[in-house]
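1. model this:
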Amino acid sequence: MMSPRSQLFGRDALLNDLEREIKKGHHVLLTGPIGVGKSALLVAVLQRIEPRESEWYQFDPVASDAEDEPIEPAPLPETPGRHDQVMIYLSEHQGKAQFVQIARRLLETGILKPSTLELAKKYDDLPPSAIEWKKIRRNVNRLSMRDLTQAIIPAIYEWEGRILIGVDDLTSLTPTQQAFWLAILEHAQVIGCASSRKSGLSKLWWKMKHVAVPPLDCRAATDLVRDYIARHGVLIESPGLYIGHVVKQANGNPQAIMDMLESSAREKRLDKRQIREMRHAAGLTYVDFTPVMFIAGAAIIGTRYLAIGLGDTALYVMAGMGAALFLSLRVFMFKGSRGKTGG
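-> Prediction:
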């Protein structure tokens with residue numbers, strides 16, 4: 001598992017820029033491929049903006065909304081004052097589960113009245129710390145996203161403080177869920193991550209400032225590998241070859257780098273043969289040959305019609321042979337792959 005230190009290697013400037021954008025009040029969307037470090041940046045910047053450690057329990061997987069109860073109960077957050085900032089971190093990836101997490105957090109902080117979630121009136125008279133989530137979770141989970149939104153929006157609208165929502169993954173958001181998130185954006189500041197900006201969600205993306213998280217540059221990737229080797233005492237026959245190979249194969253992806261480092265750390269000693277055999281999918285890029293297929297197909301069809309018009313039998317036969325070759329190779333041409341040579 002990647003440590004926070006490893007995930008943020010070479011990200012100081014980007015982290016500072018992200019903090020400035022959030023402090024300006026912008027909604028922010030972090031974009032980039034899987035494993036590039038979006039979630040790590042999100043957590044790091046939220047911890048900068050929210051200095052109270054009592055709020056950080058939200059980043060602990062043990063405190064998640066899993067069906068199984070945690071071995072040790074997560075610490076309860078402090079009940080905020082009416083003008084305080086409230087931070088909500090959403091670790092769930094599905095839209096409905098994210099809104100359940102919002103409702104849970106608002107209940108914990110006393111911003112949301114339990115009865116607005118169709119819970120028994122008796123809960124309204126209890127302090128937030130006395131409401132056990134495990135006893136009400138099933139009832140809250142039964143509510144639709146519309147019902148959850150209708151409870152959440154008035155609560156955050158009436159809150160006089162700032163509500164900051166960090167979303168670990170907006171990639172799976174659907175066009176039908178867009179309206180619910182647009183309502184949230186009107187009354188709370190949202191910072192989210194997405195591997196790609198899905199079509200059909202343009203109204204949502206327009207409201208968010210896009211911050212691309214690029215792969216690590218060669219120097220930062222090299223420093224990360226060197227740091228890991230020194231901290232874990234990995235025995236390597238040729239350190240220079242090893243570092244260069246890992247950096248090249250990972251293609252600047254921090255998760256890919258750590259995958260390779262952790263895999264090789266299991267070996268007692270890495271020799272040159274083992275180093276050269278190390279591979280990672282991040283070191284490959286896929287070239288889409290679809291446009292080539294369309295052009296080649298159109299050229300072959302056009303040539304056959306031209307041959308018919310001119311009465312040129314030789315040209316017609318050549319076009320037929322080209323069509324046969326085209327059909328036999330089409331399976332292999334739609335997606336071809338080659339290794340990247342950059343570091």
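
2. And the helices in the protein?
-> 4-7, 12-23, 38-49, 95-108, 133-141, 145-158, 178-185, 202-206, 218-232, 239-250, 254-264, 272-277, 290-310, 313-333 (DSSP state H).

3. so which of the ones you listed comes closest to residue 115?
-> Of all these, helix 145-158 sits nearest to residue 115, with 9.3 Å by Cβ to Cβ. Any C-beta I mention is one placed from the backbone N, CA and C, and that applies to glycine too.

4. Can you tell me what sits against the closest one?
-> Helix 145-158 has contacts (Cβ atoms under 8 Å, 6 or more residues apart in numbering) with 95-96, 99-100, 102-103, 106, 111-113, 116-118, 140, 143, 163, 177, 180, 183-184, 187-188.

5. List the buried residues in it.
-> The neighbour-count check on helix 145-158 (16 or more other Cβ atoms under 10 Å) flags 145, 147, 148, 149, 151, 152, 153, 155, 156 as buried.

6. mind giving me the domain ranges of the protein?
-> Residue ranges for the domains of the chain, per automatic domain parsing: 4-212, 218-285, 289-339.

7. Mean pLDDT for these - can I get that in CSV?
-> Supplementary listing: those in CSV, determined by pLDDT from 0 to 100:
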stretch, mean pLDDT
domain 4-212, 86
domain 218-285, 87
domain 289-339, 73
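
8. quick one: contacts for the residue lying closest to residue 172 once chain neighbours are set aside?
-> Nearest non-adjacent residue to residue 172, counting by Cβ to Cβ, 6 or more residues apart in numbering: residue 93, 5.6 Å away. Contact analysis of residue 93 by Cβ under 8 Å, 6+ apart lists 168, 169, 171, 172.

9. Leaving aside the residues adjacent along the chain, what's closest to the second one?
-> Counting by Cβ to Cβ, 6+ apart, the nearest residue to residue 169 once its immediate chain neighbours are dropped is residue 93, at 4.4 Å.

10. returning to what we had before: any idea which of the contacts of residue 93 has the most stuff around it?
-> Tallying neighbours with other Cβ atoms under 10 Å puts residue 169 at the head of the contacts of residue 93, with 20 neighbours.

11. where do the strands sit along the stretch 51-200 of the chain?
-> 86-90, 163-167, 189-194 (DSSP state E, counting those that start in this stretch).

12. Take those strands and write them to TSV, including distance to residue 9 and mean neighbour count.
-> Converted to TSV, those look like this (distance: least, Cβ to Cβ, whole Å; neighbours: other Cβ atoms under 10 Å):
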stretch	distance to residue 9	mean neighbour count
strand 86-90	22	23
strand 163-167	21	23
strand 189-194	18	22
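
13. Now render those as CSV, adding distance to residue 225.
-> Below are the strands of the stretch 51-200 of the chain laid out as CSV (distance: least, Cβ to Cβ, whole Å):
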stretch, distance to residue 225
strand 86-90, 30
strand 163-167, 29
strand 189-194, 25
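
14. Mind checking the ones you listed for the one nearest to residue 326?
-> strand 189-194 (37.8 Å).

15. and the angle for that closest one with helix 12-23?
-> 140 degrees (axes from the mean of the first three to the mean of the last three Cα atoms, to 10 degrees).

16. Only the C-alpha atoms, please, for strand 189-194, written as PDB.
-> Extracted C-alpha coordinates of strand 189-194, given in PDB (Å, rounded to 0.1, in the frame of the first residue of the first chain):
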ATOM      1  CA  GLN A 189     -18.000  23.900  -2.200                       C
ATOM      2  CA  VAL A 190     -17.000  20.600  -4.000                       C
ATOM      3  CA  ILE A 191     -13.500  19.300  -4.800                       C
ATOM      4  CA  GLY A 192     -13.600  16.000  -6.600                       C
ATOM      5  CA  CYS A 193     -11.600  13.500  -8.600                       C
ATOM      6  CA  ALA A 194     -12.400  11.800 -11.900                       C
END
